[in-house]
Structure formats: C-alpha cells, structure tokens
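**Student:** Here is the input, now give the coordinates:
(one chain, ligands or ions: 1)
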Amino acid sequence: MDVFEAILRRRDVRNEFSGERIDEERLVRILGAAHSAPSVGNTQPWDFVVVQDPDTLARFAAHVGECREDFARSLPPDRRDTFNPIVIEGIESSRTGVVVTYDPTRGGTHILGRHTIDETGRLSVALAIQNLWLAATAEGIGVGWVSFYQEPFLRALVDVPEHVHIVAWLCVGPVTALQTVPDLERFGWRERRPLAEAMHRERYPDGDVGSHR
Ligand SMILES: Cc1cc2nc3c(=O)[nH]c(=O)nc-3n(C[C@H](O)[C@H](O)[C@H](O)COP(=O)(O)O)c2cc1C
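**Tutor:** Here you go, the predicted structure:
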C-alpha cells in the first residue's frame, strides 16, 4: 500500500474490530513506525503503554461510558438524538489499548526548537500517533482514538507519573473491514470540509472560513 492509499483508507475504528488480538510482531512493527516520527529537538518525548489485561480494559471502558453519558447530557435534544447511536470506542473489542504519553522533561531544559513554541513537544507526540495510525492501516489493523476520559483516572489506572502528560488511548486491533466514510459523517454529526475551504493563498482569508459550523 502506498502512503496516499494508507492516508485515504485510514479510519477511526469503533465498530469493526474482529475480536482477535493483534499479534506481537505486528504490534511492535506498528509501534516502530510511531517511534520513527519527527520530534522537536529530536527529543522523542513519547512512550507507549500497551494494555491487554481484560480487567484493565473493562475498567477503562466503564469509565469512558460514564464520560460519554456526561457528554450526552450536555447536548441539546436534537444533537443528543444524533449522538446517541454513535459508538465512540472499541476498548474491549479491540483487545489492545495503547496509552500514548508525552514527557516534557525528556531532553533536558534546552530543547532545540521548543524554546519559542512549547506546544511542539505535544505536537511531536501527535505525529507519532499519526505514524502509528497509517502503519496500522497498511497492516490491515484498525485504530480508534479515545479521548472520553478524565486524565487522573487513566493516570492511576496505568501508573503514569505526575510530570508525564497523557495524550491518547488508542484502541488497536484486527478489523473485519474499514468504513469508507467517517462514522461522524455517516451518522450525521459532522461532515468533512472540502479542501477548497481549507486552502488559502498568501493571506488568511477575511470572513467566515467555517470554523463554527
Ligand atoms: C485528538 C482526537 C481525539 C479523538 N477522540 C475520539 C473519541 O474519543 N471517540 C471517538 O469515537 N473518536 C475520536 N476521534 C476520532 C474522530 O472522531 C475521527 O478522527 C473523525 O471523526 C474523522 O474520522 P476518520 O478518522 O475516520 O477520518 C478522535 C480523533 C482525534 C484526532
């Protein structure tokens, strides 16, 4: 699969996990792709905690279920009706969670390139996640990003020290198929923007570029 094909085929997976567990060799290959990402000052500030204990997966899924309920309750009735049928995680069905963390202390105090933009550390971790996601797609493995959690809960669940930030829980596992249209679009939550709306020349445009729609 070439890189454009992987980019276009990649999906956020919730429903399509087959229930098998990813084999170790593939998992390490995919994490190797993540670990090859660019990073500010070459700090490689990420770590990957692989979670496969069914009890831990069940406890996290229960917590995410509560966070989902909180979000549903915060919605006006029409949006709640649209949201309700949307599955937002495959924590147990994927059989593997990867907790991706960001350690801002890695690399010491003089980080080349982060002295002006502190955010570049966390952005480096996002690039590692994207590498992981594309490599998984090329391997026929699904990935779903879960952010419906309270950080202190997940920190305690997998023993992440206080100075380390948690960036994501990724559900990683074999899939029966990948959807061609994102779930949030299929279920009428939000559509993809056309490139023409996002691409500008020379200056950021005046007026509405669709940020609040
Ligand atoms: C930072 C981030 C957090 C996300 N959190 C969740 C989440 O908690 N639950 C979920 O179902 N999808 C989550 N997603 C997936 C997005 O909903 C998904 O990427 C988007 O709808 C586009 O679909 P696609 O990835 O299939 O193209 C997250 C994606 C990103 C990049």
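**Student:** how close does Gly32 get to Thr43?
**Tutor:** Distance from Gly32 to Thr43, counting by C-beta to C-beta, to the nearest Å: 18 Å. No exception for glycine: its C-beta is placed from N, CA and C like everyone else's.
**Student:** Let's see the lengthiest helix in the chain as CSV, backbone CA atoms only.
**Tutor:** As assigned by DSSP state H, the longest helix anywhere in the chain is helix 54-74. Extracted in CSV, the C-alpha atoms of helix 54-74 (Å, rounded to 0.1, in the frame of the first residue of the first chain):
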residue,chain,number,x,y,z
PRO,A,54,-9.1,-7.7,30.2
ASP,A,55,-9.8,-6.4,33.7
THR,A,56,-8.0,-3.1,32.9
LEU,A,57,-9.7,-2.8,29.6
ALA,A,58,-13.1,-3.3,31.3
ARG,A,59,-12.4,-0.7,34.0
PHE,A,60,-11.4,1.8,31.4
ALA,A,61,-14.4,1.1,29.2
ALA,A,62,-16.7,1.6,32.2
HIS,A,63,-15.1,5.0,32.9
VAL,A,64,-15.4,6.0,29.3
GLY,A,65,-19.1,5.0,29.4
GLU,A,66,-19.6,7.5,32.2
CYS,A,67,-17.8,10.3,30.3
ARG,A,68,-19.9,9.5,27.3
GLU,A,69,-23.1,9.9,29.4
ASP,A,70,-21.9,13.3,30.7
PHE,A,71,-21.3,14.5,27.2
ALA,A,72,-24.7,13.2,26.0
ARG,A,73,-26.4,15.0,28.9
SER,A,74,-24.7,18.3,28.0
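**Student:** Go through that helix and flag the buried ones.
**Tutor:** 57, 60-61, 63-64, 67-68 (16 or more other C-beta atoms under 10 Å).
**Student:** Would the very next helix or strand once past that helix count as contacting the ligand?
**Tutor:** As assigned by DSSP states H and E, the chain's next helix or strand after helix 54-74 is helix 77-83. No. Between helix 77-83 and the ligand, judged by C-beta under 6 Å from any ligand atom, nothing touches; the nearest distance is 10.6 Å.
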